[in-house]
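K.L.:
give the three-dimensional model of this entry:
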Amino acid sequence: MRTIRRLPSAFFPALAMPIFNMIVFAGTFFAVTKIPGFPTDRSINWYMPLGIMMGAAFGGVGLGFTAIRDIETGFYDRLRMTPTSRLSLVLGPLMGTLVRIVMMTSIVIVIGVALGARFSGGVLGVLCLYIAALGLATIGAGWGLGLAFRFQDMRGAAVMQLSIFLVMFLSSAQVPLNVMTGWLHTVARVNPATNILRLARVGLVDVGNPDHLSWNAVWGGLVAIGVMGTLALTFAVRSLHRLSE
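P.N.:
Residues are numbered from 1 along each chain as shown. Okay, the predicted model is just below:
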């Protein structure tokens, strides 16, 4: 947060990407809402959560980039010599990242509403979107830090970026499962990111849609966040202990 106050421009790239994705996807694929069975008649309602989720995922993974830089400059060596616990070296930066994700999500929502997005689920729909964003950022942060501690150089950065792109785009990011066919439907169906995206969109689909504020659409996302978040943070902490050996 001190970095943002001292140098606000450092926050702009992390904010620009979700806004850009939201506007580009909603404008390019506006006709997708004409597909029979599409959950909403507003393309911005479908792609605003995608923009936020992409921003959250890369915002979390960004911790890994920072860790690699700190490892290469020797800053992490000094941190490990302090009496602080290894867990705090993971949770401390994570908390700062989650604050930035809340800021990013809030700004993107305001812009999305100005462009025509409507929360059919009211406050509960907004809350689900925040939970999904924070959960995905936590998963990305744990994964990014774990890879940074394992690789200890910029090789880990390539793996971080590629893995996030694959996970996000081999999901229901573009269209819902019910209009997918072939191998993509099979992969997206078992992809945890699909459940998290479904959670993010429960308050933005049409009122008559089965996913609208439905527990069936919520619980899968919560489980995915809980399980994947725990695994990712455990991976980060264990990788840090391995780095310290």
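K.L.:
how about stretch 185-198: buried residues?
P.N.:
Ala188, Asn191, Pro192, Ala193, Thr194, Asn195, Ile196, Leu197, Arg198 (16 or more other Cβ atoms under 10 Å). Where C-beta positions appear, they are placed from N, C-alpha and C, glycine not excepted.
K.L.:
check stretch 115-132 too.
P.N.:
115, 117-121, 125-126, 128-132.
K.L.:
what does stretch 105-113 contact?
P.N.:
Stretch 105-113 is contacted from outside by 15, 18-19, 22, 44, 48, 51-52, 55-56, 117, 119, 126, 129-130, 133, using Cβ atoms under 8 Å, 6 or more residues apart in numbering.
K.L.:
can you get me a residue count around Leu134?
P.N.:
20 (other Cβ atoms under 10 Å).
K.L.:
thought Ala57 was touching it, still the case?
P.N.:
No: assessed by Cβ atoms under 8 Å, Leu134 is found out of contact with Ala57, at 11.5 Å.
K.L.:
tell me where the model's unsure across the protein.
P.N.:
Where the chain drops to pLDDT under 70, the residues are 1-11, 83, 244-245.
K.L.:
got the buried residues for stretch 155-164?
P.N.:
Buried, per 16+ other Cβ under 10 Å, within stretch 155-164: Gly156, Ala157, Val159, Met160, Ser163, Ile164.
K.L.:
wait, isn't the third one in contact with Leu147?
P.N.:
Yes: using Cβ under 8 Å, Val159 is in contact with Leu147, at 5.6 Å.
K.L.:
can you pick out the most distant pair from the contacts of stretch 105-113?
P.N.:
Across the contacts of stretch 105-113, the longest distance by Cβ to Cβ is 20.6 Å; it joins Leu15 and Phe119.
K.L.:
next, count neighbours for the residue nearest to Val179 when sequence neighbours are not counted.
P.N.:
In this structure, Val179 finds its nearest non-sequential neighbour in Ile35, 5.4 Å apart by Cβ to Cβ, 6 or more residues apart in numbering. Neighbouring residues of Ile35 were enumerated by other Cβ under 10 Å; the total is 11.
K.L.:
cool, and Ala16?
P.N.:
11.
K.L.:
contacting residues for the closest residue to Asp41 other than its chain neighbours?
P.N.:
Closest residue to Asp41 apart from its sequence neighbours, by Cβ to Cβ, 6+ apart: Thr33 at 5.1 Å. Residues in contact with Thr33 (Cβ under 8 Å, 6+ apart) are Thr40, Asp41, Arg42, Ser43, Trp46.
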